[in-house]
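J.: coordinates only, no sequence provided:
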């Protein structure tokens, strides 16, 4: 766990280019040989770090779940706002570093493909816990994929301008809530 946390911290704070196995080992307080004992390649380590990131996101969403939410709409608003805050933090920065690097690093891309699929499944699993009334409804996974892609895209704009991304968030939020309201209505679930 310390190696994965050190990898994520290094990616978020120093970027992919400076996230070397030597630097990760140093941050984790282990020798490079100990790191290599657990992960044969840098790509393998980074793939596991991506999986760890997915678990951290899921845990953060589950821990934030309001105990007594008066309505589906209020719960959706709370979930979207919390996800937006998470996407403004270091975990997302680390994830972006991996995505961009995978464009030109075939070994990393191979590791991330499985990790991304696992992350999408984890998102659906977490969302089904947070929204049990939709768990088996057709189209729920597709709705989540749309929300996830939209929010990630807007969060990427933060790397150029926090102010512009934050200014765009209210309209994006309203649109995503509208999609959820339509899904809720189509599913025949009381809001």
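T.: The structure has been received and is ready for your questions. Since the structure is predicted, the reported quantities are computational estimates derived from the model, not experimental observations.
J.: the strands in the protein, which residues?
T.: Shown for the chain, no strands are assigned by DSSP state E.
J.: what about it, any weak spots by pLDDT?
T.: Applying pLDDT under 70 to the chain flags residues 66-67, 69-70, 187-191.
J.: now do the end-to-end distance for stretch 100-109.
T.: 10 Å (Cα to Cα, to the nearest Å).
J.: what comes up buried for it?
T.: Neighbour-count burial for stretch 100-109 flags 101, 102, 105, 108, 109 (criterion: 16 or more other Cβ atoms under 10 Å). Where C-beta positions appear, they are placed from N, C-alpha and C, glycine not excepted.
J.: ok, stretch 82-96 next?
T.: 82, 83, 84, 86, 87, 88, 91, 92, 93, 94, 95, 96.
J.: quick one: which of the buried residues of stretch 100-109 is nearest residue 19?
T.: Using Cβ to Cβ, residue 101 comes nearest to residue 19 of the buried residues of stretch 100-109, at 8.8 Å.
J.: how close does the closest residue to the closest one other than its chain neighbours sit to residue 83?
T.: Closest residue to residue 101 apart from its sequence neighbours, by Cβ to Cβ, 6 or more residues apart in numbering: residue 16 at 4.3 Å. Counting by Cβ to Cβ, to the nearest Å, the separation of residue 16 from residue 83 is 24 Å.
J.: residue most distant from the centroid, this structure?
T.: For the chain, the largest distance from the centre (Cα atoms, centre = their mean) belongs to residue 33, which lies 30.2 Å off.
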